[in-house]
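Asks: just coords:
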């Protein structure tokens with residue numbers, strides 16, 4: 001793909017002459033004013049900007065400010081017929097890489113452009129390297145040491161060096177984009193761009209334009225040519241999340257790319273050859289969609305070259321303590337507060353929870369815990385009741401089944417504690433972690449009060465005891481009285 005250059009000059013013969021001189025080696029766009037240049041800079045990224053200084057309205061210095069405030073900063077070269085040392089110094093102070101006087105020497109301009117683009121490429125590479133070195137973990141920021149995660153990362157290392165299209169399958173919140181980034185990071189394309197598109201977030205027309213770009217006049221409002229994400233990802237990796245949400249027309253264009261490695265912009269008829277590695281992700285059953293006629297079978301086969309299945313967090317229980325520690329520390333730093341102290345009972349409860357929202361839900365829990373507890377202790381009784389729904393009950397209580405929280409189970413557990421005076425009952429957790437009979441009974445009473453939101457009549461029903469017995473137990477342990 002050719003480097004892109006924006007020429008800004010109010011003199012038509014100057015900007016058109018420069019366009020003709022550069023268009024063989026560059027993708028050139030022109031603007032007759034600073035305001036017109038602002039619109040183009042907002043619409044698409046440019047590798048370089050060549051701007052006049054004195055123009056009606058805003059000056060070229062404003063163009064420099066606008067260009068260098070963008071997330072993807074272009075190299076900027078100032079040109080003027082009114083060149084003097086003060087103007088050159090001001091332009092360089094604002095971030096211009098060099099300065100030219102009119103009439104422009106085309107040979108010098110070519111040298112400056114090549115030098116500026118080389119410097120910009122080096123700057124991007126250094127930035128990407130720093131971002132990768134800043135990762136806290138050695139493999140794409142992926143946290144964990146469970147067997148399920150180990151198998152997945154080994155598969156990533158195996159397929160990353162190939163050019164094969166990858167299909168990531170898994171529930172929402174399992175970290176599919178993180179795995180796609182890991183594929184890119186350990187591949188030969190790591191020095192190229194990684195571009196992510198969330199297909200479900202865009203309408204059909206917007207998605208096609210976003211992916212493939214459009215030509216000027218392709219539809220109402222298309223006042224300028226715009227490069228799509230495929231062209232932006234040239235030489236790197238394109239990640240398409242929620243691939244099962246794309247419409248039939250987009251499926252046809254995506255299939256064409258996978259077969260020919262070319263695209264056409266919306267409103268254009270010229271094939272554009274690209275070198276892009278495609279990683280697609282879905283939480284839907286694509287084979288079922290093929291059977292229902294919602295997904296082209298030939299597209300499914302093209303996408304399903306290498307399939308990687310993301311393990312849900314419930315199958316990575318060994319990783320939950322590491323993830324909790326990481327995100328509690330992360331959000332504590334973000335909020336400028338010490339992380340809460342997660343006590344053993346809370347950790348056991350959270351490890352027993354099934355996390356239907358996977359890592360995304362765990363992140364949300366950690367952010368809430370940091371904000372609400374600010375360095376204090378976090379016990380199992382401080383945790384929202386929904387996170388305790390899958391926590392196992394003490395051994396011997398109603399068969400010791402994990403995850404059973406129906407009121408009958410609570411009552412059966414309580415009855416067992418009040419009628420059988422036996423040895424201390426072991427609670428789930430590390431070896432040797434056991435509580436006395438009294439501690440177990442206190443825990444169940446606290447649990448019943450929390451579940452009933454302090455309603456003592458309801459708590460007595462859950463415990464399977466009379467309200468009088470409940471009052472007696474509460475008077476025995478005054479600290480429980482605060483749960484009303």
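Replies: In hand now; what should we look at? What you are looking at is a predicted structure, and each value in this text was computed from that prediction instead of being measured.

Asks: which secondary structure elements does the helix or strand hosting residue 458 contact?
Replies: Following DSSP states H and E, one finds residue 458 within helix 456-463. For helix 456-463, the packing partners by 3 or more Cβ pairs under 8 Å, 6 or more residues apart in numbering; DSSP states H and E come out as helix 407-419, helix 437-451, helix 467-476. Every residue, glycine included, has its C-beta placed from N, CA and C.

Asks: Can you tell me which of the ones you listed has the worst average pLDDT?
Replies: Sorting those by mean pLDDT places helix 407-419 lowest, at a mean of 31.

Asks: Helix, strand, or coil at residue 238?
Replies: Using DSSP: H, G, I helix; E, B strand; the rest coil, the structure places residue 238 in strand.

Asks: And it, how far from residue 210?
Replies: 11 Å (Cβ to Cβ, to the nearest Å).

Asks: Spit out the contact partners of the residue positioned nearest the centre of the chain.
Replies: Nearest to the geometric centre of the chain sits residue 177, at 6.0 Å (Cα atoms, centre = their mean). Residue 177 is in contact with 196, 239, 241, 281, counting by Cβ atoms under 8 Å, 6 or more residues apart in numbering.

Asks: if you set the cut-off to 7 Å instead, what comes out?
Replies: Counting by Cβ atoms under 7 Å, 6 or more residues apart in numbering, residue 177 makes contact with 196, 239, 241.

Asks: Make sure it is indeed in a helix.
Replies: Yes: according to three-state DSSP, residue 177 belongs to a helix.

Asks: For it, give its distance to residue 170.
Replies: Applying Cβ to Cβ, the value for residue 177 to residue 170 is 11 Å.

Asks: Residue 349 too?
Replies: In terms of Cβ to Cβ, residue 349 sits 25 Å off from residue 170.

Asks: can you check residue 50 too?
Replies: Distance from residue 50 to residue 170, by Cβ to Cβ: 47 Å.

Asks: In terms of neighbours, single out the busier of the two.
Replies: residue 50 (30 against 19; other Cβ atoms under 10 Å).

Asks: What pairs with the host helix or strand of the more buried one, parallel or antiparallel?
Replies: Take DSSP H and E as the rule and residue 50 turns out to sit in strand 48-52. According to DSSP bridges, strand 48-52 has the following sheet partners: strand 4-8 (parallel), strand 75-80 (parallel).

Asks: Are we agreed that residue 196 is in a strand?
Replies: Yes: under three-state DSSP, residue 196 sits within a strand.

Asks: looking at the sheet around it, what are its partners?
Replies: For residue 196, the beta-bridge partners are residue 239 (DSSP bridges).

Asks: Which residue ranges of the stretch 201-350 of the chain form helices?
Replies: In the stretch 201-350 of the chain, the segments counted as helices under DSSP state H, counting those that start in this stretch are 204-212, 229-232, 248-260, 286-291, 297-303, 320-335, 344-352.

Asks: Domain-wise, how is this protein divided?
Replies: Annotated domains of the chain cover 4-131, 149-311, 314-388, 398-483 [automatic domain parsing].

Asks: Count the residues that sit near residue 63.
Replies: 29.

Asks: And residue 183, by the same measure?
Replies: For residue 183, using other Cβ under 10 Å, the count is 28.

Asks: What sits closest to it if chain neighbours are left out?
Replies: Sequence neighbours aside, residue 160 is the residue nearest to residue 183 in space, at 5.0 Å (criterion: Cβ to Cβ, 6 or more residues apart in numbering).

Asks: likewise residue 38?
Replies: Of all residues not flanking residue 38 in the chain, residue 66 sits nearest, at 5.5 Å (Cβ to Cβ, 6+ apart).

Asks: Quick check, the one you found in contact with residue 41.
Replies: Yes: using Cβ atoms under 7 Å, residue 66 is in contact with residue 41, at 5.9 Å.

Asks: Just want to know which of those two has more residues nearby.
Replies: Counted by other Cβ under 10 Å, residue 66 and residue 41 do not tie: residue 41 has more neighbours, with 22 against 19.

Asks: tell me the mean pLDDT for the host helix or strand of residue 115?
Replies: Using DSSP H and E, residue 115 falls within helix 106-133. For helix 106-133, mean pLDDT is 74.

Asks: still on that earlier bit, for residue 143, find the nearest of the domains of the chain.
Replies: Residue 143 lies closest to domain 314-388 among the domains of the chain, at 5.4 Å (Cβ to Cβ).

Asks: give me the low-pLDDT residue ranges for the chain?
Replies: 82-85, 123-141, 389-440, 479, 481-484 (pLDDT under 70).

Asks: right, and the domains of the chain - which one's nearest residue 142?
Replies: domain 149-311 (6.1 Å).

Asks: Residue 165 touches residue 305, doesn't it?
Replies: Yes: under the criterion of Cβ under 7 Å, residue 165 makes contact with residue 305 at 4.6 Å.

Asks: Tell me how far residue 112 lies from residue 98.
Replies: 5 Å.

Asks: Residue 169 too?
Replies: Distance from residue 169 to residue 98, by Cβ to Cβ: 50 Å.

Asks: repeat for residue 364
Replies: Taking Cβ to Cβ, one finds residue 364 at 49 Å from residue 98.

Asks: More neighbours: which of those two?
Replies: residue 98 (19 against 14).

Asks: Next, that one: phi, psi?
Replies: phi -170, psi -180 (degrees, to the nearest 10).

Asks: Please apply the same query to the one 4 residues further on.
Replies: When read as degrees, to the nearest 10, the backbone of residue 102 gives phi -90, psi 150.

Asks: residues near it, how many?
Replies: Residue 102: 15 neighbours (other Cβ under 10 Å).

Asks: do the same with residue 155
Replies: Neighbour count of residue 155, defined by other Cβ under 10 Å: 17.

Asks: So it sits against residue 309, correct?
Replies: No: assessed by Cβ under 7 Å, residue 155 is found out of contact with residue 309, at 9.1 Å.

Asks: Tell me which residues touch the closest residue to residue 209 other than its chain neighbours, please.
Replies: Counting by Cβ to Cβ, 6+ apart, residue 266 is the residue found nearest to residue 209 once chain neighbours are left out, at 5.4 Å. Applying Cβ under 7 Å, 6+ apart to residue 266 gives the contacts 208-209, 212-215, 218.

Asks: one more time with 6 Å
Replies: Residues counted as contacts of residue 266 (Cβ atoms under 6 Å, 6 or more residues apart in numbering) are 208-209, 212, 214, 218.

Asks: Next, the contact list for residue 222, please.
Replies: By Cβ under 6 Å, 6+ apart, the contact set of residue 222 is residue 214.

Asks: where does it sit relative to residue 40, distance-wise?
Replies: Using Cβ to Cβ, one gets 13 Å for the distance from residue 222 to residue 40.

Asks: With that, I have no additional questions.
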